[in-house]
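Novice: fold the following and give me the result.
(one chain, ligands or ions: 1)
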Amino acid sequence: MRRSPGAGSGDWAQGLRPVTRTRAEARQAYDRASRWYRHVEEPFERRARGVGLVLLRVQPGERVLEVGSGAGGALVALARAVGPAGRVVGLDLSPRMISRATVRASRAGMADRVELVVGDATSIPCADASFDASFTAFTLELFDTPEILLVLAECRRVLRPGGRVAVVSLSRSDPVGWPTRLYERLHDRFPATLDCRPIHPRLALEAAGFEHVRSRTIPLWGLRAEAVVAVRPAASRSVADAALGQGTDDVPDQGADGRPGPSALTPNPAPARQPAPPRGVLRGLLNLPVHLYHAHLSGLLGHRFLLLVHTGRRTGARRETVLEVVHYDPVAGEAVVAAGWGRRTQWLHNVEAGLAREVWIGRERFVPAYRMLAADEAERIFADYERRNRLIAPLVRAVVSRLVGWRYDGTPAARRRVVEQLPLVAFRPEASG
Ligand SMILES: C[S@@+](CC[C@H](N)C(=O)[O-])C[C@H]1O[C@@H](n2cnc3c(N)ncnc32)[C@H](O)[C@@H]1O
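Specialist: Next comes the predicted model:
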């Protein structure tokens with residue numbers, strides 16, 4: 001049965017293990033694995049990958065994107081399918097995987113129709129509607145739960161209306177058998193080695209607003225893989241479009257840019273919509289504290305606020321944003337802030353694109369490393385923030401309600417929903433690791 005976009009998506013995140021690995025750690029791990037990946041790992045997953053390719057039915061002349069192209073196992077098959085008139089772009093976080101795949105495509109005589117790009121799937125460096133199809137195998141399950149829909153929203157953005165997406169991944173669909181549970185326990189224990197964890201790809205695609213979702217389950221060495229194919233809706237504004245927001249560029253700080261709004265990202269989306277980031281006079285007013293930092297008066301703000309200096313992804317311009325510090329750890333020198341406009345927060349996209357330049361906090365300035373907080377930690381930190389601000393609890397709740405677009409009542413379930421909707425990000429000096 002097909003569900004309408006965005007509907008019934010409350011269960012796509014159910015039971016998923018959090019992912020705490022940073023991008024830098026993932027890149028390093030796959031750079032290392034690139035030497036043996038083709039011969040050791042690829043063969044185990046070949047069958048499931050093949051089912052995904054069959055479901056995608058790539059046609060001659062098509063433009064296809066592979067997200068997480070790895071050592072190029074599927075890339076060559078895709079290049080053959082598009083033929084000499086088509087084009088395949090492989091995107092991967094790991095430069096060494098990209099090198100391996102480049103050599104492989106070239107040896108297969110496909111170099112002229114394949115382009116390989118180092119990049120992050122949460123911010124695909126390709127134009128809107130520039131592909132007919134998108135393929136991803138054993139990669140979506142590497143992203144932390146709030147990022148899964150972000151990656152799918154990016155796939156959707158770069159697909160033309162009516163374009164197809166195929167996702168192959170480990171499956172957590174019901175019934176979850178003991179091999180899956182055992183694997184998850186091993187994953188909990190050795191997350192760096194068994195980094196893929198089972199997810200719900202079909203439900204996630206539905207939640208991300210894809211239509212005509214079809215899936216097949218493939219046994220995988222006692223576990224199950226799922227190959228799912230779906231279509232980007234042809235109508236320009238579906239229910240999910242409304243939730244995903246509009247716009248294309250990084251406006252000075254937090255403008256809308258067509259990335260998923262919180263109602264598309266939360267496991268339990270509400271009909272309410274998160275307000276758009278402010279523009280014009282209001283944005284100017286909110287940015288007034290920037291001047292305190294430039295007037296060397298940042299001591300007045302202590303560790304309650306920080307100034308984030310970042311670079312616009314598309315404009316390359318310098319951006320400065322003052323953010324309230326939700327939690328400060330003086331020992332680690334780590335400051336946690338919330339992305340107040342959820343996944344439409346521009347500074348967050350710039351940070352995730354590796355464009356955070358400096359953090360000014362108190363009297364210090366440093367080049368930051370960042371990490372996204374997993375939901376459990378974020379919930380704890382947010383509860384602590386509320387405790388510290390209990391005298392103004394009604395105000396805090398009113399502001400949070402305004403940011404999330406629904407009434408926040410301070411219950412644990414609502415708090416969980418808030419931190420899933422408004423990601424918490426920790427900055428610390430890069431040199432401190
Ligand atoms: C498990 S491998 C799968 C590779 C390939 N799809 C296959 O089936 O053989 C996951 C791949 O995703 C890449 N990856 C991990 N995180 C990524 C990210 N944030 N953006 C793009 N690629 C990523 C890794 O570098 C790795 O090559």
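Novice: how many neighbours does residue 342 have?
Specialist: Neighbour count for residue 342, taken as other Cβ atoms under 10 Å: 28. C-beta here means a position set from N, CA and C on the backbone, and glycine is covered the same way.
Novice: ok, now which ones touch the closest residue to the ligand within the chain?
Specialist: Proximity of the chain to the ligand (Cβ to the nearest ligand atom) peaks at residue 70, 2.5 Å away. Taking Cβ atoms under 8 Å, 6 or more residues apart in numbering as the criterion, residue 70 is in contact with 30, 37, 42, 92, 97, 101, 137, 138, 139.
Novice: ok, the fourth one touching residue 98?
Specialist: Yes - applying Cβ atoms under 8 Å as the test, residue 92 and residue 98 come out as touching, 5.3 Å apart.
Novice: now do the shared contacts for those two.
Specialist: 69, 116, 117, 118.
Novice: helix/strand/coil for the residue of the chain closest to the ligand?
Specialist: Counting by DSSP: H, G, I helix; E, B strand; the rest coil, the backbone at residue 70 sits in coil.
Novice: near the ligand, which of the contacts of residue 70 show up?
Specialist: Near the ligand, judged by Cβ under 6 Å from any ligand atom, the entries from these are 30, 42, 92, 97, 137, 138, 139.
Novice: the residues you listed into CSV, with extra columns for secondary structure?
Specialist: Converted to CSV, the ones next to the ligand among the contacts of residue 70 look like this (three-state DSSP):
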residue, secondary structure
30, helix
42, helix
92, strand
97, helix
137, strand
138, coil
139, coil
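Novice: which one (most neighbours) among those?
Specialist: In the ones next to the ligand among the contacts of residue 70, the most neighbours by other Cβ under 10 Å go to residue 92, 29 neighbours.
Novice: got the contact list for it?
Specialist: With Cβ under 8 Å, 6+ apart, residue 92 has these contacts: 30, 68, 69, 70, 98, 101, 116, 117, 118, 119.
Novice: which of those are buried?
Specialist: 30, 68, 69, 70, 98, 101, 116, 118, 119 (16 or more other Cβ atoms under 10 Å).
Novice: closest one of these to residue 47?
Specialist: Minimum separation from residue 47 among the buried ones among the contacts of residue 92 (Cβ to Cβ) is found for residue 70, which lies at 16.1 Å.
Novice: give me phi/psi at that closest one?
Specialist: When read as degrees, to the nearest 10, the backbone of residue 70 gives phi 60, psi -140.
Novice: could I have stretch 219-235 exported to CSV, CA atoms only?
Specialist: Extracted C-alpha coordinates of stretch 219-235, given in CSV (Å, rounded to 0.1, in the frame of the first residue of the first chain):
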residue,chain,number,x,y,z
PRO,A,219,18.6,-12.4,2.7
LEU,A,220,22.2,-11.3,3.6
TRP,A,221,24.2,-13.8,5.5
GLY,A,222,21.5,-14.3,8.2
LEU,A,223,20.6,-10.6,8.1
ARG,A,224,18.2,-8.9,5.7
ALA,A,225,18.9,-6.2,3.2
GLU,A,226,16.2,-4.2,1.5
ALA,A,227,16.3,-2.7,-2.0
VAL,A,228,13.8,0.1,-2.4
VAL,A,229,12.9,2.1,-5.4
ALA,A,230,10.7,5.2,-5.4
VAL,A,231,9.9,8.3,-7.5
ARG,A,232,10.2,12.0,-6.9
PRO,A,233,6.7,13.4,-7.2
ALA,A,234,6.1,15.3,-10.4
ALA,A,235,4.0,17.9,-8.7
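Novice: now check that stretch, is it near the ligand?
Specialist: No - using Cβ under 6 Å from any ligand atom, stretch 219-235 never reaches the ligand; the gap is at least 10.5 Å.
Novice: so which of the contacts of residue 92 comes closest to residue 430?
Specialist: Out of the contacts of residue 92, the member with the shortest distance to residue 430 (by Cβ to Cβ) is residue 118, at 20.2 Å.
Novice: so in terms of bridging, what pairs with that closest one?
Specialist: residue 92 (DSSP bridges).
Novice: quick check: it touching residue 89?
Specialist: No - using Cβ under 8 Å, residue 118 is not in contact with residue 89, being 11.8 Å away.
Novice: can you give me the helices in the stretch 101-250 of the chain?
Specialist: With helices called from DSSP state H, counting those that start in this stretch, the stretch 101-250 of the chain shows them at 145-158, 178-189, 201-207, 239-244.
Novice: all set, thanks.
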